[in-house]
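A.B. asks: structural data only, the sequence is not supplied:
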């Protein structure tokens, strides 16, 4: 309990999935919670469950892609609790589409939420984390921040960017002597609604792709993911891999180098549903 009890933890994307599981696990460990999501109904249910566990909760609708809103939100959270100890930049969206057929606006939307949302949250809360003398930044990347996949160029770009941003931030905090720890999280297949809520380039069968993800790839529960993340936070780990799939594929990329790309391309051509003909 000493690692989280009484700490003020901010969780974005708390309305479902890993975000909700993090909020509830933190509540059980005695943390005070600042929870946000763009999905107000899902957020309200998370708040209900967290408060039932005895947690003090501040709840707000927030679009992490809106920088000024995030900056205002950080100030409001600090004013409410008097301090901020941890930020879990978890909010994210999924999109599928080959570069050839993806619209610029679709790629920008993924980058705005999945990368800039992390940057916005980190920058907004970092001064308060430094002030606390006991801060921790936790940025959720993905297995796709370790390995690239066809049709995932936008998502890969955002998640690889989160990884680079977070690893650089960790080195900056170490070099500066600031008492802020930094962790980058790479979940493998987690049983959440991210695939079901995904968007795709025209012609792609998003239902079939979600079915593939849910049946073949989503092996781990959000609760397991949350526990693994918080164990990593408690252990001050710089990188947290969630699931055997993330661990195995990380090793695969390290061993094979760029050769993995041909292997993955061939496997994906058999596994990923083909776009419908126009």
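C.D. replies: Yep, it's here. Computed from a predicted model, the values in this text were never measured in an experiment.
A.B. asks: now do the helix or strand hosting residue 248: which elements does it pack against?
C.D. replies: Using DSSP states H and E, residue 248 falls within helix 244-256. Counting contacts by 3 or more CB pairs under 8 Å, 6 or more residues apart in numbering; DSSP states H and E, helix 244-256 packs against strand 180-187, helix 260-271. In this view, the C-beta of every residue, glycine as well, is placed from N, C-alpha and C.
A.B. asks: now do the first one: distance to the chain's middle.
C.D. replies: Between the mean C-alpha point of strand 180-187 and the mean C-alpha point of its chain there is a distance of 10 Å (CA atoms, centre = their mean, to the nearest Å).
A.B. asks: and the contacts of that strand?
C.D. replies: 18, 126, 129-130, 135-143, 145-146, 162-163, 166-167, 169-170, 173, 220, 225, 229, 232-233, 236-243, 246, 250 (CB atoms under 8 Å, 6 or more residues apart in numbering).
A.B. asks: give me the buried subset of those.
C.D. replies: 18, 126, 129, 135-143, 145-146, 162-163, 166-167, 169-170, 173, 220, 225, 229, 232-233, 237, 239-243, 246, 250 (16 or more other CB atoms under 10 Å).
A.B. asks: do a quick rundown of the strands in the stretch 1-150 of the chain.
C.D. replies: 8-11, 32-37, 57-61, 86-89, 95-96, 135-140 (DSSP state E, counting those that start in this stretch).
A.B. asks: hmm, who's touching the last one?
C.D. replies: Contacts of strand 135-140 from elsewhere in the structure, counted by CB under 8 Å, 6+ apart, are 18, 84-90, 92, 118, 122, 125-126, 128-129, 162, 165-166, 169, 178-185, 187, 229, 233.
A.B. asks: quick one, that strand and strand 180-187 angle?
C.D. replies: Using axes from the mean of the first three to the mean of the last three CA atoms, to 10 degrees, the inter-axis angle of strand 135-140 relative to strand 180-187 is 20 degrees.
A.B. asks: if we can go back for a sec, what comes up buried for the helix holding residue 248?
C.D. replies: 245, 246, 249, 250, 253.
A.B. asks: the residue nearest to residue 46 when sequence neighbours are not counted - how many residues pack around it?
C.D. replies: Spatial nearest neighbour of residue 46, excluding adjacent residues (CB to CB, 6 or more residues apart in numbering): residue 20 at 4.6 Å. Residue 20 is flanked by 27 other residues according to other CB atoms under 10 Å.
A.B. asks: helices and strands of the protein: which one bottoms out on pLDDT?
C.D. replies: helix 206-212 (a mean of 52; mean pLDDT, DSSP states H and E).
A.B. asks: how far off helix 244-256 does the helix or strand following that one point, in degrees?
C.D. replies: Remark: after helix 206-212, the chain's next helix or strand is helix 222-234, criterion DSSP H and E. Between helix 222-234 and helix 244-256, the angle comes out at 60 degrees (the same axes, to 10 degrees).
A.B. asks: so for helix 222-234, mean pLDDT?
C.D. replies: The average pLDDT within helix 222-234 is 96.
A.B. asks: hmm, who's touching it?
C.D. replies: Counting by CB under 8 Å, 6+ apart, residues outside helix 222-234 touching it are 3-4, 17-18, 20-22, 24-26, 29, 86, 88, 136, 138, 181, 183, 185, 187, 190-192, 240, 242-243.
A.B. asks: return the residues in contact with residue 36.
C.D. replies: So residue 36 contacts 10-14, 43, 59-62, 64, 73, 91 (CB under 8 Å, 6+ apart).
A.B. asks: on that earlier part again, between all of the buried residues of helix 244-256, which two are separated the most?
C.D. replies: 245 and 253 (12.5 Å; CB to CB).
A.B. asks: good, wrapping up.
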